[in-house]
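Q: Next come a sequence and a model predicted from it.
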Amino acid sequence: MSKIIIVGGGWAGSAAGLAAQKAGAQDVTVLERTDMLLGTGLVGGIMRNNGRFTATEEMLEMDGGDLFQVTDENSRHKNIDFPGHKHANLYDVAKIEPAVKKRLEKAGINVKTNTRIKGVETDGKKIVAVVAENGDRYEADVFVEATGTSGPPGNCSKYGNGCAMCIYRCPTFGPRISVAAKAGAEEFMGKKADGSIGAMSGSCKLHKESLSEDIVHQLNETGVAVIPIPKELQKGEGMLATKACQQYALKEFAENIILLDTGHAKLMSPFYPLDMLRRIPGFENARYEDPYAGGIGNSMRYLAISYRDNALKVEGLDNLFCGGEKAGLLVGHTEAIVTGTLAGHNAVRHAVGKELLSLPDSLAVGDAINYVGRQMRSEEGITKKYTFSGAVYFNRMKEQNLYTTDKAEIKKRVSDAGMTNVFSQKVM
């Protein structure tokens with residue numbers, strides 16, 4: 001019998017649970033410290049934009065796309081364009097979490113919310129159990145860490161603009177802990193281009209009904225609203241360099257308020273001073289939904305990243321895999337689902353002594369994992385952010401001829417790599 005424990009129930013942890021179950025694990029448990037799954041996915045919403053379309057379709061062909069099906073099913077808008085981005089889907093942030101939880105429970109995965117892990121028991125380089133705040137022990141053959149890289153609030157104060165009361169809700173549910181670090185593995189922090197630590201979450205959410213009727217109508221009808229910022233209120237492009245989401249650090253995002261309809265009005269800026277925002281026509285009554293102090297800052301990320309191999313096994317520990325931001329400077333929900341899926345699948349392979357799976361460079365998802373694994377070992381590499389949808393990695397996708405929206409071509413690419421339905425094949 002193989003027993004897999006996943007710590008962290010964000011996109012990566014949820015994907016890891018589904019992948020482990022598909023690979024044949026008899027007992028899969030996802031432990032989440034808060035009262036809901038998905039983490040930043042609760043306020044995110046952008047899927048399939050630019051190279052994320054390619055990555056999504058590759059994962060569907062490999063039968064690792066359950067969560068992409070869920071986001072497609074719960075999209076408010078499909079195939080939309082906004083500055084620098086094409087063919088995006090925007091999922092409904094109000095509906096997505098219950099839908100994901102139902103998908104996990106239907107698959108027979110144990111989902112335990114309000115379960116914050118505070119301790120790790122080891123036997124040499126092997127993790128034996130993780131221990132919750134209430135003293136409950138969770139033993140397993142193999143563990144997957146998908147705890148993210150943000151928090152606690154002290155780090156947001158030290159490296160950012162203070163706790164902005166974001167969706168992570170650290171003061172209520174307790175801060176993130178690092179399973180890898182507690183088990184003795186080495187970790188590192190990401191940096192901004194100027195060498196300072198971390199990166200700020202890249203967007204805020206406004207209460208849609210606090211905006212003008214014209215803006216609300218445009219959002220509901222088209223999914224996008226682009227409102228020019230008066231010259232005297234433009235904050236400049238320098239602020240965009242603080243963003244984790246460098247795919248949105250474009251000139252258009254400095255000169256315009258760009259909103260996307262995810263149920264909230266998603267403001268594509270890491271923060272925006274409220275007094276300035278309310279001086280822009282249509283935003284006179286604007287109010288933040290997340291973070292509540294979005295006028296001064298946002299959550300800080302990339303503060304605890306694991307060194308790992310291309311199979312996403314954490315270096316220095318015998319039975320720990322990682323997904324999401326723990327696996328490197330890969331930004332976004334799509335990226336978290338991809339790494340979480342591979343980590344969960346390989347956890348089962350490891351449990352039964354099978355050779356671990358590394359995805360080939362001929363696929364965008366494989367090239368991204370492998371390339372970022374190399375880049376994050378250099379000083380220059382850790383100052384950059386990587387995503388299928390823009391900036392450094394999307395440019396690489398195009399250079400390597402990996403970006404395409406041709407589903408037939410993607411299907412053939414996956415088949416030629418011998419990866420068709422690989423994630424639905426039982427390994428035990």
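A: Structure received.
Q: Would you mind pulling up the elements that the helix ranked longest in the chain packs against?
A: If you go by DSSP state H, the chain has its longest helix at helix 333-351. Other elements packing on helix 333-351 under the criterion 3 or more Cβ pairs under 8 Å, 6 or more residues apart in numbering; DSSP states H and E are strand 3-7, helix 11-23, strand 46-47, helix 51-61, helix 66-73, strand 142-145, strand 320-322, helix 364-375. Where C-beta positions appear, they are placed from N, C-alpha and C, glycine not excepted.
Q: now the fourth one: how far from the chain's centre is it?
A: Shown here is helix 51-61, whose average C-alpha point lies 15 Å from the average C-alpha point of the whole chain (Cα atoms, centre = their mean, to the nearest Å).
Q: What mean pLDDT does it get?
A: Helix 51-61 shows a mean pLDDT of 98.
Q: Packing partners of it?
A: Applying 3+ Cβ pairs under 8 Å, 6+ apart, one finds that helix 51-61 contacts helix 66-73, helix 333-351, helix 364-375, helix 391-399, helix 407-416.
Q: Swap in 7 Å and give it another go.
A: With contacts defined as 3 or more Cβ pairs under 7 Å, 6 or more residues apart in numbering; DSSP states H and E, the packing partners of helix 51-61 are helix 66-73, helix 333-351, helix 364-375, helix 407-416.
Q: Let me know which of these is tucked in deepest.
A: Highest mean neighbour count of the helices and strands packed on helix 51-61: helix 333-351, a mean of 29 (counted as mean count of other Cβ atoms under 10 Å).
Q: Export the longest helix of the chain to PDB, keeping only CA atoms.
A: Only the C-alpha atoms of helix 333-351 are listed here, as PDB (Å, rounded to 0.1, in the frame of the first residue of the first chain):
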ATOM      1  CA  HIS A 333      -1.900  28.800 -11.700                       C
ATOM      2  CA  THR A 334      -1.100  26.900 -14.800                       C
ATOM      3  CA  GLU A 335       2.500  26.500 -13.800                       C
ATOM      4  CA  ALA A 336       1.400  25.300 -10.300                       C
ATOM      5  CA  ILE A 337      -0.900  22.700 -11.800                       C
ATOM      6  CA  VAL A 338       1.900  21.400 -14.100                       C
ATOM      7  CA  THR A 339       4.500  21.100 -11.300                       C
ATOM      8  CA  GLY A 340       2.000  19.700  -8.800                       C
ATOM      9  CA  THR A 341       0.800  17.100 -11.200                       C
ATOM     10  CA  LEU A 342       4.400  15.900 -11.900                       C
ATOM     11  CA  ALA A 343       5.300  15.900  -8.200                       C
ATOM     12  CA  GLY A 344       2.200  13.900  -7.200                       C
ATOM     13  CA  HIS A 345       2.700  11.400 -10.000                       C
ATOM     14  CA  ASN A 346       6.400  10.900  -9.100                       C
ATOM     15  CA  ALA A 347       5.600  10.600  -5.400                       C
ATOM     16  CA  VAL A 348       3.800   7.300  -6.200                       C
ATOM     17  CA  ARG A 349       6.600   6.100  -8.500                       C
ATOM     18  CA  HIS A 350       9.000   6.700  -5.700                       C
ATOM     19  CA  ALA A 351       6.800   4.900  -3.200                       C
END
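Q: related to what we said a few turns ago, select, out of the helices and strands packed on helix 333-351, the one closest to Thr113.
A: Nearest to Thr113 among the helices and strands packed on helix 333-351 is helix 11-23 (11.6 Å), distances taken as Cβ to Cβ.
Q: Report the inter-axis angle for the closest one versus strand 3-7.
A: 170 degrees (axes from the mean of the first three to the mean of the last three Cα atoms, to 10 degrees).
Q: and helix 11-23 with helix 51-61, angle?
A: Angle, helix 11-23 to helix 51-61, by the same axes, to 10 degrees: 20 degrees.
Q: which is the next helix or strand following helix 11-23?
A: Once the chain leaves helix 11-23, the next helix or strand it forms, by DSSP states H and E, is strand 27-31.
Q: follow-up on the earlier one: now distance to Thr222 and mean pLDDT too, for the helices and strands packed on helix 51-61, in TSV please.
A: Formatted as TSV, those follow (distance: least, Cβ to Cβ, whole Å; pLDDT from 0 to 100):
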stretch	distance to Thr222	mean pLDDT
helix 66-73	19	98
helix 333-351	22	98
helix 364-375	28	98
helix 407-416	25	98
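Q: Flag the shaky bits of the stretch 101-250 of the chain, pLDDT-wise.
A: Residue ranges of the stretch 101-250 of the chain with pLDDT under 70: 235-250.
Q: thinking again about what came up before, right, and the helices and strands packed on helix 333-351 - which one's nearest Asp275?
A: Across these, closest to Asp275 is strand 46-47 (Cβ to Cβ), at 27.8 Å.
Q: Which strands or helices does the closest one pack on?
A: For strand 46-47, the packing partners by 3+ Cβ pairs under 7 Å, 6+ apart are strand 85-91.
Q: Swap in 8 Å and give it another go.
A: If contacts are counted by 3+ Cβ pairs under 8 Å, 6+ apart, strand 46-47 sits against helix 66-73, strand 85-91, helix 333-351.
Q: now the last one and helix 51-61, what's the angle there?
A: Which is helix 333-351. Put simply, helix 333-351 runs at 30 degrees to helix 51-61, going by the same axes, to 10 degrees.
Q: between helix 333-351 and helix 391-399, how many degrees?
A: Angle of helix 333-351 versus helix 391-399, following the same axes, to 10 degrees, is 80 degrees.
Q: Equivalent analysis for the second one, please.
A: Computed with the same axes, to 10 degrees, the direction of strand 85-91 lies at 120 degrees from that of helix 391-399.
Q: a markdown table for the helices and strands packed on strand 46-47, including distance to Pro291?
A: Listed next are the helices and strands packed on strand 46-47 as a markdown table, based on distance: least, Cβ to Cβ, whole Å:
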| stretch | distance to Pro291 |
| --- | --- |
| helix 66-73 | 23 |
| strand 85-91 | 20 |
| helix 333-351 | 18 |
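Q: quick one, which of those is nearest to Glu58?
A: Nearest to Glu58, of all these, is helix 333-351, at 8.6 Å by Cβ to Cβ.
Q: Ala132 versus Gly174, what's the distance?
A: With distances taken as Cβ to Cβ, to the nearest Å, Gly174 is found 10 Å from Ala132.
Q: quick one on the thing from earlier: who wins for proximity to Glu187 among the helices and strands packed on helix 51-61?
A: Proximity to Glu187 (Cβ to Cβ) singles out helix 364-375 among these, at 14.6 Å.
Q: by contact count, what packs against the closest one?
A: helix 51-61, helix 333-351, strand 386-387, helix 391-399.
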